[in-house]
Structures are given as C-alpha cells and as structure tokens.
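[1] Generate a structure from the sequence data that follows.
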Amino acid sequence: MYIKDIDIGKKITTLNAKVKELSPVKTFPRMGEPGKIAIAVIQDSTGCIDLTLWDGQTENIKEGDLVEIKNAKVKDYRGNLQITVGNKGSLIIKNEK
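    So this is what the prediction gives:
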C-alpha cells in the first residue's frame with residue numbers, strides 16, 4: 001500500500017515509509033500512570049501522513065528511520081488523516097539511522 005491510497009476507514013495491511021519528522025514526546029496523566037504520545041510524519045514516494053505513536057512506540061524511533069506498519073487504522077483527527085497502529089497492529093523499525 002502507498003500513502004496516496006490511504007483514506008478514512010481503510011485498513012492498512014502493510015505500509016513501508018520513512019520517518020520525515022518527529023514531534024517531541026508529550027506525557028499526560030492516565031489512570032495513575034503517565035502516558036506518552038508523539039506524532040511522526042512519515043513519507044513514501046507518493047506523499048506524507050501523520051503516524052500517532054503511543055507509549056513504548058515513542059522510545060526508539062528517530063527521524064530517518066524506515067518503518068513497516070501492519071494492520072493499522074486510519075482516522076480523521078481535526079481534519080487531518082492519521083495512522084494509528086492500535087492493539088492488533090504492529091510498527092517495526094526496519095533500519096535505524
């Protein structure tokens with residue numbers, strides 16, 4: 001799958017992309033333990049899209065990394081499409097820069 005083919009409600013079976021930008025990690029209170037969130041802008045030859053990173057996903061990823069995303073969901077957040085991996089999906093860092 002390519003980024004240009006992503007649309008709301010589509011399930012991403014497999015997407016390979018490069019991390020173009022990475023926001024700072026933010027922490028927030030969540031049921032007694034702090035949660036973490038960051039946004040990575042990922043790109044392939046057809047475009048860019050935001051990838052929401054939660055908790056442990058925020059720890060080892062860096063700008064320039066090649067990632068493989070499987071079984072992810074696409075949602076609309078404030079008018080922008082975002083990919084979220086969720087519990088059934090996976091995010092694999094294939095090549096750390």
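[2] So what's the residue count around residue 29?
    8 (other CB atoms under 10 Å). Where C-beta positions appear, they are placed from N, C-alpha and C, glycine not excepted.
[3] gap between the residue nearest to it when sequence neighbours are not counted and residue 44?
    Closest residue to residue 29 apart from its sequence neighbours, by CB to CB, 6 or more residues apart in numbering: residue 35 at 7.5 Å. Noted for residue 35: a distance of 29 Å to residue 44, by CB to CB, to the nearest Å.
[4] wait, what's in contact with the residue lying farthest from the centre of the chain?
    In the chain, counting by CA atoms, centre = their mean, residue 32 sits farthest out from the average C-alpha position, at 25.1 Å. With contacts defined as CB atoms under 8 Å, 6 or more residues apart in numbering, residue 32 has no neighbours.
[5] Now the phi/psi pair for it, please.
    Here is the backbone geometry of residue 32 (degrees, to the nearest 10): phi 90, psi -20.
[6] Look up the pLDDT of it for me, please.
    According to the prediction, residue 32 has pLDDT 81.
[7] how much space between it and residue 25?
    19 Å.
[8] Check residue 59 too.
    8 Å.
[9] These two - which one has more neighbours?
    Taking neighbours as other CB under 10 Å, residue 59 and residue 25 compare with residue 25 leading, 13 against 10.
[10] which SS class is the spatially most central residue of the chain?
    Nearest to the mean C-alpha position of the chain, counting by CA atoms, centre = their mean, stands residue 51 at 2.5 Å. The three-state assignment at residue 51 reads strand, by DSSP: H, G, I helix; E, B strand; the rest coil.
[11] which residues touch it?
    17, 39-42, 67, 69, 82-85, 91.
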